[in-house]
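Undergrad: 3D model of this:
(one chain, ligands or ions: 1)
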Amino acid sequence: MTDPDSETDPQAAIDAETAARAQARDERVGERTAGEVQEGIPFIGAGPGDPGLLTVTGKELVEAADLVVHAGSLVNSELLAEYCDDAEQVSSIGKDLEELIPLMRDAYEDGREVVRLHSGDPAIYGAAIEQMDALEHEGVPTYIVPGVTSAFAASATLRTQLTLNGVANHVAFTRPQGKTLDPEEDHIGEFVGMGDVTTCIYLGTHAVADTMDRLVEDGHDPETPVAVVYHASWPDEDVIEGTIGTIGETLEDAGYRASAMVVIGDAARKAGYERSYLYDGWANRGNESDSGTEADD
Ligand SMILES: C[S@@+](CC[C@H](N)C(=O)[O-])C[C@H]1O[C@@H](n2cnc3c(N)ncnc32)[C@H](O)[C@@H]1O
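TA: Modelled structure (predicted):
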């Protein structure tokens, strides 16, 4: 799908790839399994920070890389030092697509092993697809290697589950209004108002006080539990706990303005959950009757 005219215009490349997808499905979908090493540049989820939370496939690809383009301070430098100290390392922070795409394309076309490291999982607030589209349009194949998203690391830190029987039947991955999201696109109040949703806020550490003020103004229960996990799985990980009514001030005292996961809901405190059906004989009864119902893990 190389189009020399669009080589210096990532937006044109993205538009062209989007239009091509509307005409014909990518034949690799359904033929390749997630986790399979494929031809091209892998977009790898580095996980939340601890080098041990990178997948085995991700680690092998990073170890074999000549060029590692990474998400700057969101990727733990310990991971880079441990797995790819010999590789050329380039932070994507402050670089636009016009700079990043030729960098990766040229290295790949020169026969170098190139990997793109995103924090957590590339599927969540990672902007991976626009880079992948721009590269694909220039004839460079790409694929995704999943990682552990920071909400899952925060959940482990809190020693909880994001879904909890009888308390949290759903999970929302969301972000607050700001430069990227208009106020009417901010759905945090709606998720919290549903009552049985664990709301995980990405990219919102700096806005916790404002977000909580809005929730209180909109009539949400100020006693609703909130936990803020700063740098989950990093050596300086920290946990600030409170409620919708108190967390803004507590967090301000702690001084964290970035790199934290905000978890709202009873799951944050493991409050009031009920024993699940799974370990109550239900699963076995389901198997016996071959009801076709999926059992919980
Ligand atoms: C640009 S988003 C990238 C998210 C990433 N793709 C993921 O799956 O975790 C960055 C936001 O993720 C969250 N985050 C990333 N790493 C984190 C960590 N180790 N602990 C807590 N939150 C983290 C923070 O909310 C941060 O503002």
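Undergrad: now Val68, what's its secondary structure?
TA: When classified by DSSP: H, G, I helix; E, B strand; the rest coil, Val68 comes out as strand.
Undergrad: wait, what's in contact with it?
TA: In this structure, Val68 makes contact with Val62, Leu80, Cys84, Ala87, Glu88, Gln89, Val90, Val115, Leu117, judged by CB atoms under 8 Å, 6 or more residues apart in numbering. Using the backbone N, CA and C atoms, a C-beta is placed for each residue, glycine as well.
Undergrad: Could you rerun that using 7 Å?
TA: For Val68, the contact set (CB atoms under 7 Å, 6 or more residues apart in numbering) comprises Val62, Leu80, Cys84, Ala87, Gln89, Val115, Leu117.
Undergrad: which residue sits closest to Ala172, ignoring its sequence neighbours?
TA: Leaving aside its sequence neighbours, Ala172 sits nearest to Phe191 (CB to CB, 6 or more residues apart in numbering; 4.2 Å).
Undergrad: ok, the contacts of Val68 vs Gly272, which is closest?
TA: Leu117 (39.3 Å; CB to CB).
Undergrad: That closest one against Leu67, yeah?
TA: No. Applying CB atoms under 7 Å, one finds Leu117 not in contact with Leu67, separated by 10.7 Å.
Undergrad: Which one of those two is surrounded by more residues?
TA: Leu117 (30 against 21; other CB atoms under 10 Å).
Undergrad: For the closest residue to the ligand within the stretch 1-150 of the chain, grab the count of nearby residues.
TA: Nearest residue of the stretch 1-150 of the chain to the ligand: Gly120, at 2.0 Å (CB to the nearest ligand atom). Counted by other CB under 10 Å, the residues lying close to Gly120 total 28.
Undergrad: re earlier: regarding the residue nearest to Ala172, what is its secondary structure?
TA: helix.
Undergrad: quick one: low-confidence parts of the stretch 1-150 of the chain?
TA: Applying pLDDT under 70 to the stretch 1-150 of the chain picks out residues 1-8.
Undergrad: Enumerate the residues of it near the ligand.
TA: By CB under 6 Å from any ligand atom, the part of the stretch 1-150 of the chain that sits against the ligand consists of Pro48, Gly49, Leu74, His118, Ser119, Gly120, Asp121, Ile124, Tyr125, Gly126, Thr149, Ser150.
Undergrad: Repeat the analysis, applying 5 Å as the threshold.
TA: Pro48, Gly49, Ser119, Gly120, Asp121, Ile124, Tyr125, Gly126, Thr149, Ser150 (CB under 5 Å from any ligand atom).
Undergrad: what's near enough to touch the residue most central in space within the chain?
TA: Nearest residue to the geometric centre of the chain (CA atoms, centre = their mean): Ile124, 3.4 Å. Contacts for Ile124 (CB under 7 Å, 6+ apart) come out as Thr149, Phe173, Tyr202.
Undergrad: any idea where the strands of this protein begin and end?
TA: Using DSSP state E, the strands of the chain run over 41-45, 67-70, 88-91, 114-118, 142-145, 170-174, 197-201, 225-230, 238-243, 260-264.
Undergrad: now those in CSV, with distance to Ala34?
TA: Shown next, in CSV, are the strands of the chain (distance: least, CB to CB, whole Å):
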stretch, distance to Ala34
strand 41-45, 11
strand 67-70, 21
strand 88-91, 26
strand 114-118, 15
strand 142-145, 7
strand 170-174, 18
strand 197-201, 22
strand 225-230, 26
strand 238-243, 31
strand 260-264, 23
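Undergrad: among the ones you listed, which is nearest Ala12?
TA: Between these, strand 142-145 lies closest to Ala12; by CB to CB that is 17.7 Å.
Undergrad: Just name whatever secondary elements that closest one is in contact with.
TA: Counting contacts by 3 or more CB pairs under 7 Å, 6 or more residues apart in numbering; DSSP states H and E, strand 142-145 packs against strand 41-45, helix 56-63, helix 128-137.
Undergrad: can you dump the C-alpha coordinates of that strand into CSV?
TA: Provided in CSV are the C-alpha atoms of strand 142-145 (Å, rounded to 0.1, in the frame of the first residue of the first chain):
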residue,chain,number,x,y,z
THR,A,142,3.1,-3.7,12.2
TYR,A,143,1.4,-5.6,14.9
ILE,A,144,0.5,-5.4,18.6
VAL,A,145,2.0,-7.3,21.5
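Undergrad: What residues of stretch 116-132 count as buried?
TA: 116-126, 128-132 (16 or more other CB atoms under 10 Å).
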